[in-house]
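Asks: Return atomic coordinates for the entry below.
(one chain, ligands or ions: 1)
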Amino acid sequence: MLKLIVAVDRNNGIGINNKLPWTNKEDLKEFKRITLGHGIIMGRKTLESIGKALPGRTNYVVTHKNELPYENVILIHDVNAFFESKRASKDVVFVIGGASLYEIALDYVDEMIISEVFGDYSCDTFFPKFNQDSFKLSTEVAYDGFIQKRYVRI
Ligand SMILES: NC(=O)c1ccc[n+]([C@@H]2O[C@H](COP(=O)([O-])OP(=O)(O)OC[C@H]3O[C@@H](n4cnc5c(N)ncnc54)[C@H](OP(=O)(O)O)[C@@H]3O)[C@@H](O)[C@H]2O)c1
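Replies: Residues are numbered from 1 along each chain as shown. Just a heads-up that it's a prediction; the model follows:
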């Protein structure tokens, strides 16, 4: 099963200069709680931004390159084939960004966990618009500084 997890600001901004635009410890804690024990798939730039494979999760990284200077990552070249195979699997894989991966993933994910961070930040990377008719809001939980919304595919 494929899911997506992202934190966006009021304008759907997600990043600047290959970093997160904000610091929100509680959202990072939630990210860890939700993804731990599962697969995660990210674009090569997001891996560079994080700086290492995240422990306790199977780390898949999408790239055109044949090698990357990181340990414990599985390189993926054909992301559509990967999504096709994982959407039919019982294993859960989370798409964790960045924008280029989210754009492709929107056609495949069954669930989206979107943290809406309060405020406007200076951003150069944005979460793509998704078809509101394809997903319905299932839960909404308020945290300090953000609201976590869970959408499921209709
Ligand atoms: N707020 C959040 O929740 C959140 C989450 C994640 C990331 N971010 C932010 O998002 C930004 C990065 O996003 P981004 O869109 O610039 O980069 P990205 O999606 O992380 O990585 C882009 C790279 O992924 C590879 N790639 C993408 N599509 C591919 C395909 N179809 N086939 C093969 N390789 C493919 C390419 O790597 P190669 O160049 O190696 O071929 C491409 O350069 C950063 O600012 C980061 O902090 C925010």
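
Asks: Tell me the spacing between the closest residue to Ile104 other than its chain neighbours and Ala142.
Replies: Nearest residue to Ile104, sequence neighbours excluded (C-beta to C-beta, 6 or more residues apart in numbering): Val79, at 5.8 Å. Every C-beta, even on glycine, is put in place using the N, C-alpha and C of the backbone. Going from Val79 to Ala142 by C-beta to C-beta, to the nearest Å gives 34 Å.

Asks: Who has more neighbours out of the two?
Replies: Using other C-beta atoms under 10 Å as the criterion, Val79 and Ala142 rank with Val79 on top: 19 against 8.

Asks: any idea how far Lys86 is from the ligand?
Replies: As for Lys86, its distance to the ligand is 15 Å (criterion: C-beta to the nearest ligand atom, to the nearest Å).

Asks: So which bits of the helix or strand harbouring that residue are buried?
Replies: Secondary structure from DSSP states H and E places Lys86 in helix 79-87. For helix 79-87, burial by neighbour count (16 or more other C-beta atoms under 10 Å) applies to Val79, Phe82, Phe83, Lys86.

Asks: May I have it exported as PDB, CA atoms only?
Replies: What follows is helix 79-87, C-alpha atoms only, in PDB (Å, rounded to 0.1, in the frame of the first residue of the first chain):
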ATOM      1  CA  VAL A  79       9.500   5.100 -10.100                       C
ATOM      2  CA  ASN A  80       6.200   4.300 -11.900                       C
ATOM      3  CA  ALA A  81       7.000   0.600 -11.900                       C
ATOM      4  CA  PHE A  82       7.900   0.800  -8.200                       C
ATOM      5  CA  PHE A  83       4.600   2.600  -7.400                       C
ATOM      6  CA  GLU A  84       2.600   0.000  -9.400                       C
ATOM      7  CA  SER A  85       4.200  -2.900  -7.500                       C
ATOM      8  CA  LYS A  86       3.900  -1.300  -4.100                       C
ATOM      9  CA  ARG A  87       0.300  -0.100  -4.400                       C
END
